[in-house]
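Asks: I'd like to go over a predicted model; first the sequence, then the structure.
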Amino acid sequence: MKSQEAGWIELVCGPMFSGKTEELIRRATQAKFAGQKVQVFKHTLDNRYHEQELVSHSGARLTAVAVPKAEVILKLIGEETVVVVIDEAHFFDPELPKVCSGLANRGMRVVVAGLDLDFRGEPFGPVPILMAQAENLTKLRSICAVCGGWATRSQRLIDGQPAPPDAPVIEVGAADIYEARCRHCHIVPGRPGGM
């Protein structure tokens, strides 16, 4: 049951391979088991594993609707929806925080996941704004592919070498072009200290 007091935003963020999508799937599955109406969305750019599913790197799956921009989500929300799940927030336009706040204000639980930093280690898309607006923030870490420490960044590789800072910000991929890295092993060529 929805009420004005029930709405909030939960954000799950972190680097590649930290389990963000898996956590979204877990939370959505719990809500479904509780009999709540759940709608799941992802950005159309995320077609790595499947066009109409959220798929974690470990293979967990959940049916989703792919949308090209945030405002489309508003048009697709059903009357009985209680939980809205949105993956790959970093791919969305700057309207995503406004859309999420609007849904929360209507009494919905909005669960969002995305990369908080791009491959250069800089704030990524609308995720930093969502971090500030969310009532609940879960920042996940991975394991650094170089030293085994706590990874908080996503290293993009081109032919096995760190991508230059002028490479396009958005490059859809998985283990073929990305590694999880800690602050000290993350390299951005041409920047002091690699950062």
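Replies: Arrived safely. Numbers count the residues shown, from 1 in each chain.
Asks: if you go through the protein in chain order, where are the helices?
Replies: 20-33, 70-76, 96-105, 127-133 (DSSP state H).
Asks: so what's the residue nearest the centre of the chain closest to, chain neighbours aside?
Replies: Ranked by distance to the mean C-alpha position of the chain (CA atoms, centre = their mean), the top residue is Gly114 at 1.6 Å. Distances taken as CB to CB, 6 or more residues apart in numbering place Ala89 nearest to Gly114, at 3.0 Å, with adjacent residues excluded. In short, each C-beta sits where N, CA and C put it, glycine included.
Asks: Run through the residues that contact Ala113.
Replies: If you count contacts by CB atoms under 8 Å, 6 or more residues apart in numbering, Ala113 has them with 11-13, 20-21, 23-24, 86-89.
Asks: what's the pLDDT at it?
Replies: pLDDT, Ala113: 97.
Asks: swap in Asp46?
Replies: Looking at Asp46, its pLDDT stands at 77.
Asks: Test my guess that it contacts Ala89.
Replies: No. Taking CB atoms under 8 Å as the definition, Asp46 is not a contact partner of Ala89, at 10.6 Å.
Asks: Give me the more crowded residue out of the two.
Replies: A direct count of neighbours by other CB atoms under 10 Å for Asp46 and Ala89 places Ala89 higher, at 27 against 19.
Asks: re the thing from before, of the contacts of Ala113, grab the buried ones for ChimeraX.
Replies: Selection of buried members from the contacts of Ala113 for ChimeraX, criterion 16 or more other CB atoms under 10 Å:
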select :11,12,13,20,21,23,24,86,87,88,89
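Asks: picking up where we left off before, could you dump the helices of the chain into a markdown table and include distance to Arg120 and mean pLDDT?
Replies: Below are these laid out as a markdown table (distance: least, CB to CB, whole Å; pLDDT from 0 to 100):
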| stretch | distance to Arg120 | mean pLDDT |
| --- | --- | --- |
| helix 20-33 | 19 | 94 |
| helix 70-76 | 24 | 97 |
| helix 96-105 | 21 | 98 |
| helix 127-133 | 14 | 97 |
